[in-house]
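Colleague: quick one: sequence and predicted model below, then my questions.
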Amino acid sequence: MSEIAIDNVVKVFGAGGAKPFTAIDSVDFHVKDQEFISVVGPSGCGKTTLMRMVAGLETVTEGEIRVAGKRVTGPGPDRAVVFQQFALFPWKTVRENITFGMRSKGASKAERDAAVEHYLTLMKMEGTEDKYPHQLSGGMQQRVAIARSYATDPGVLLMDEPFGALDAQTRTIMQEELVRVGKDNPRTVMFITHSVEEAVYLADRVVVMGRNPGHIREVIEVGETRRAEKWSEEPIDDVMEMPSFTHLRGQVWRLLREQMGGDL
Amino acid sequence: MAASGYTGGTEKRVPWGKLVTRPRITGFLTIAALLVIWWLLTSGLGIVGEFRFPSPEQFVTAFGRIWTNGYAGGTLLVQIVQSLRLVAIGFLTAIAIGVPLGFVMGYDRRVEAFVNPIFLLLRPIPPLAWIPLAIVWLGLGDASKVLVIFVAAFVPSVINTYTGVKNTRRHLIEAAQVHGAGRGRIITEVYLPDSAPMIFTGLRLSLQASWTTLVAAELVGAFLGLGRVLQTAYRDVNTAMILVAMVAIAISGYVTTLLLAQVEKRVIRWKDAA
Amino acid sequence: MSRGMPLWGWSALSLVLFFGLWQGVVSAGLVSEFVLPSPIDVGERFAALMARPFAGFLLWEHALSSLGRFLGGYLLAAAIGIPLGLMMGRFRLLEDIVSPLFEAYRYVAPLAWVPFAALWFGTGIGGPIMVIFTGAFAPCLVNAYRGARLVDTHLIEAAQTHGASEFRIGLEVLLPGALPSIVAGLRIAAGLGWQSLIGAELIVVSSGIGYVMTQGQMNLSPSTVMTAMLVIGVIGLTIDVILRAVEARVRAKWEGQ
């Protein structure tokens, strides 16, 4: 059970110093176990900071974050992170990258080899175990990064604009892949993105954040519609033409646009 | 220095096979032309006397002499080995201490704060300036040379390792942290590999400094070694032997640098990485 | 501040330990002051050398004479190295011609030129200047070359379409464009040149700081040697600090463009 509880969290950078900067002011939000949450918002709304706090890469100034009931005090393999820049170790092969976290948990060689085979097949990247990251395309590198995160069997997946560095076509394919992989391997996911389409397509709920200071403006329910309209059974381009999809997308987009106008 | 890209005037590349490219031909022709000019100025027209610069024949004769009979205490091989020995000892000791020190300084702010002032105090003193003191303390033998080489090789390896460690990419460190790696693994599997290119740059600079200092130290006073050959040849006004020594020094430096580059290639197998 | 000593505390501690131990070891008689003079001894020697002539001149006069030689060789290296480097960056043919010679020259330690310098220039000022030149030349050339190569082709083409001569292109496009790299090269060259100067003075001169050091060594007076080392370090550091400031200024102006 890997639910995320964010309780009245405040984040101030440079607190007690000369110029304190309040990145996030009182965010209160709960993610259910195996729920997929997209977080969207204008630049500077603190969405990345929020994710990093759940990951344990930033400290909380006020309030508390709990994952699976335990307070977050630092990073760990139970909350895997997929970075925008992939963050693959350039000096390690694909195999070594994927099994990196597994070695922290003390997995045996047999277990590690099995995992590598499983995930490479899952990601449709058989045969690349011994290649180095720089020999792979951007899309393939990100798949390796995702495989690396899955390999430690984390309860929570935190993804910070993971497809932001990919070209448009690869990005669309990756979105489909993520849904496909998520079907058989459901996790609690927090997914940060700038793309409204991506957010709506992937999520059970979409959290729209605002800035100055960072806070939650509104949460939009998507999951019911997805299941009712059976999005996961259609190709992605068809889904994005469906009226149910465009309606929800419009909702999110309007919320964002209000902010852009107001804050300029 | 060869690089592709922009060039000013007209550029016509007519490669007959990949080896025979225009830069190579030009370079070859230039060297050939210089050799001809050298011969003309010295033997051919006698414009430059042998007490200024040797002729090619004199050079070859001197080379033969030191190779077989020896000069200033030993054959060329003996002299090279002597100098090489001192460089090796000084250089290896320096990096064995310097790289770890630079690493710890880059990793721990307190160590950096502790070591820095002394470093800043001693750093402006050029390694060559240690030669007289080293001689006062340790005499004209090997020990004083090794000391000075050590000082020369120490600084670049510390500084470059330190810079490499400080510039280790943060998102790689974080990727390791979120996957549960402990401090030891983060050091060996993230900090070290990411700093490796910078560390090797430091090693290259250290090697270069080692040779420069060795030559200087042996010139000032030594019993054996390429610098001693240089010094003796100077006293004897034997320009041919001076040139032989200079060439021997250059080649030794070149070969050792090449060896280091080979080591670097083996260690850093992931070149071209982002 | 969290647990433990603040950072500056560690720095202060290390300085105290360094000088304290140094002075202590000598005062306690553990090491003879003829082998390792204490900081105080060095200070006294410094004062003495500033007041009474040593080998014919006062300490600062020696320093000045060294600086003079240094500037001669350094400015010569810059005057030849920078234009040559710029031209090599601009004209491939020139690069092809000069490159092999440069590579060969680079592996010869600057001080290995001392015998030839002494034979060709005797005990005159030409010898040290030549040695300094060989030390300072490489960075000037290489950095000017790299800077020129980094200059945007379009700027040069724009100048050409406006009918600028090669000289004007070099002066008004290449030089400004390569300036940050050139200034960095000048800083590195200064360090190498200063070191080469000291080396040359160790071997073939009869005045200057290097000579003071050699005399100190021959007289087995480490306090003299250390005083000279101190002066060498201070002068070298000053030159470096000045050039770093210049480099920062140039970069700031350039980034602001």
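Modeller: Noted; the coordinates are in hand. Numbers count the residues shown, from 1 in each chain, chains lettered A, B, ... in the order given.

Colleague: let me see the confidence value for C:L237.
Modeller: At C:L237, the predicted lDDT confidence score is 92.

Colleague: how close does B:A196 sit to chain A?
Modeller: Applying CB to the nearest CB, to the nearest Å, the value for B:A196 to chain A is 8 Å. All C-beta spots, glycine's among them, are computed from the backbone N, C-alpha and C.

Colleague: show the pLDDT at C:A47.
Modeller: 91.

Colleague: tell me the SS of it?
Modeller: helix (DSSP: H, G, I helix; E, B strand; the rest coil).

Colleague: quick check: the residue most central in space within chain C vs C:L197, distance?
Modeller: Central residue of chain C (CA atoms, centre = their mean): C:G191, 2.4 Å from the mean position. Distance from C:G191 to C:L197, counting by CB to CB, to the nearest Å: 11 Å.

Colleague: C:A12 now?
Modeller: 34 Å.

Colleague: these two: which is more packed in?
Modeller: Using other CB atoms under 10 Å in any protein chain shown as the criterion, C:A12 and C:L197 rank with C:L197 on top: 35 against 15.

Colleague: and the residue nearest to the more buried one when sequence neighbours are not counted, what does it touch?
Modeller: Counting by CB to CB, 6 or more residues apart in numbering or on different chains, C:L197 lies nearest to C:F70, which is 4.6 Å off, once chain neighbours are set aside. Neighbouring residues of C:F70 by CB atoms under 8 Å, 6 or more residues apart in numbering or on different chains: C:132, C:193-194, C:197.

Colleague: switch to 10 Å and redo it
Modeller: C:128-129, C:132, C:136, C:190, C:193-198, C:200-201, C:208, C:235-236, C:239 (CB atoms under 10 Å, 6 or more residues apart in numbering or on different chains).

Colleague: do the same with A:F89
Modeller: Taking CB under 10 Å, 6+ apart as the test, what A:F89 contacts is A:96-97, A:100, A:132-133, A:148, B:172, B:175-176, B:189-190, B:193-194, B:270, B:273.

Colleague: if you set the cut-off to 7 Å instead, what comes out?
Modeller: A:F89 is in contact with A:97, B:172, counting by CB atoms under 7 Å, 6 or more residues apart in numbering or on different chains.

Colleague: where does it land on pLDDT?
Modeller: 91.

Colleague: before we move on, what about B:Y6?
Modeller: So B:Y6 comes in at 36 (pLDDT).

Colleague: enumerate the residues of the stretch 101-250 of chain C near chain B.
Modeller: Counting by CB under 7 Å from any CB of the partner chain, the residues of the stretch 101-250 of chain C close to chain B are C:101-102, C:104, C:107-112, C:114-116, C:118-120, C:149, C:153, C:194-195, C:198-199, C:202-203, C:213-214, C:216-217, C:220, C:222, C:225-226, C:229, C:232-233, C:236-237.

Colleague: for PyMOL, write the selection for the buried entries among the residues you listed.
Modeller: Selecting the buried subset of those in PyMOL, with 16 or more other CB atoms under 10 Å in any protein chain shown as the burial test, is done by:
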select buried, chain C and resi 102+107+108+109+110+111+112+114+115+116+118+119+149+194+195+198+199+202+203+213+214+216+217+222+225+226+229+232+233+236+237
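
Colleague: so which of the residues of the stretch 101-250 of chain C next to chain B sit within helices?
Modeller: The helices in this structure, assigned by DSSP state H, contain C:101-102, C:104, C:114-116, C:118-120, C:149, C:153, C:194-195, C:198-199, C:202-203, C:213-214, C:216-217, C:222, C:225-226, C:229, C:232-233, C:236-237 from these.

Colleague: show the pLDDT at B:V237.
Modeller: pLDDT at B:V237 comes out at 90.

Colleague: can you pull the residues of the stretch 51-200 of chain B lying near chain C?
Modeller: B:52, B:109-110, B:113-118, B:124-126, B:128-129, B:131-133, B:135-137.

Colleague: give the buried subset of those residues as a ChimeraX selection command.
Modeller: Filtering these down to the buried ones (16+ other CB under 10 Å) takes a single ChimeraX command:
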select /B:110,113,114,115,116,117,124,125,126,128,129,131,132,133,135,136
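
Colleague: what helix or strand does the residue nearest to the centre of chain C sit in?
Modeller: helix C:175-204 (DSSP states H and E).

Colleague: now the angle from that helix to helix C:114-121?
Modeller: If you take axes from the mean of the first three to the mean of the last three CA atoms, to 10 degrees, helix C:175-204 sits at 90 degrees to helix C:114-121.

Colleague: for helix C:175-204, packing partners?
Modeller: With contacts defined as 3 or more CB pairs under 7 Å, 6 or more residues apart in numbering or on different chains; DSSP states H and E, helix C:175-204 has these neighbours: helix B:192-220, helix C:59-90, helix C:114-121, helix C:126-150, helix C:209-218, helix C:222-255.

Colleague: want to throw those helices into TSV with distance to B:I66?
Modeller: Below are those laid out as TSV (distance: least, CB to CB, whole Å):
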stretch	distance to B:I66
helix B:192-220	15
helix C:59-90	31
helix C:114-121	15
helix C:126-150	24
helix C:209-218	28
helix C:222-255	34
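
Colleague: make sure C:F19 is actually in contact with C:P39.
Modeller: Yes: between C:F19 and C:P39 there is a contact at 5.7 Å, judged by CB atoms under 7 Å.

Colleague: C:L186 and C:E247, how far apart?
Modeller: For C:L186, the distance to C:E247 - CB to CB - is 8 Å.

Colleague: looking at those two, which has the bigger crowd around it?
Modeller: C:L186 (23 against 18).

Colleague: how much space separates that one from C:N143?
Modeller: For C:L186, the distance to C:N143 equals 8 Å [CB to CB].

Colleague: swap in C:D96?
Modeller: 20 Å.

Colleague: please apply the same query to A:R217.
Modeller: Applying CB to CB to A:R217 and C:N143 gives a distance of 53 Å.

Colleague: higher neighbour count, these two?
Modeller: Ranked by neighbour count (other CB under 10 Å), A:R217 and C:N143 place C:N143 first, with 24 against 16.

Colleague: can I assume the more buried one is in contact with C:A184?
Modeller: Yes: the pair C:N143 and C:A184 passes the contact test of CB under 7 Å, sitting 5.8 Å apart.

Colleague: check the contact lists of the two and give me the overlap.
Modeller: Counting by CB under 7 Å, 6+ apart, nothing touches both C:N143 and C:A184.

Colleague: show me what from the stretch 151-264 of chain A comes close to chain B.
Modeller: Residues of the stretch 151-264 of chain A lying near chain B (CB under 7 Å from any CB): A:T152.

Colleague: where do the helices of the stretch 151-264 of chain A begin and end?
Modeller: Taking DSSP state H, counting those that start in this stretch as the test, the helices found in the stretch 151-264 of chain A are A:168-184, A:196-202, A:223-229, A:236-239, A:243-263.

Colleague: what comes up buried for the fourth one?
Modeller: When you say that, I think you mean helix A:236-239. A:V239.

Colleague: from A:G74, how far off is B:L172?
Modeller: On the measure of CB to CB, B:L172 and A:G74 end up 17 Å apart.

Colleague: neighbour count winner among these two?
Modeller: More crowded of B:L172 and A:G74, by other CB under 10 Å: B:L172, with 22 against 10.

Colleague: residue contacts, that one?
Modeller: B:L172 neighbours (CB under 7 Å, 6+ apart): A:87, A:89, B:190, B:194.

Colleague: quick one: neighbours of B:I80, just the number.
Modeller: Residues contacting B:I80 under the criterion other CB under 10 Å number 19.

Colleague: now do B:I47
Modeller: Residues near B:I47, counting by other CB under 10 Å: 10.

Colleague: can you verify my assumption that it contacts B:L41?
Modeller: Yes: using CB under 7 Å, B:I47 is in contact with B:L41, at 5.0 Å.

Colleague: for the residue of the stretch 1-150 of chain B found nearest chain A, pull up the helix or strand it's in.
Modeller: In the stretch 1-150 of chain B, the residue that lies nearest chain A is B:F103 (16.9 Å; CB to the nearest CB). For B:F103, the host element (DSSP H and E) is helix B:76-107.

Colleague: appreciated, that's everything.
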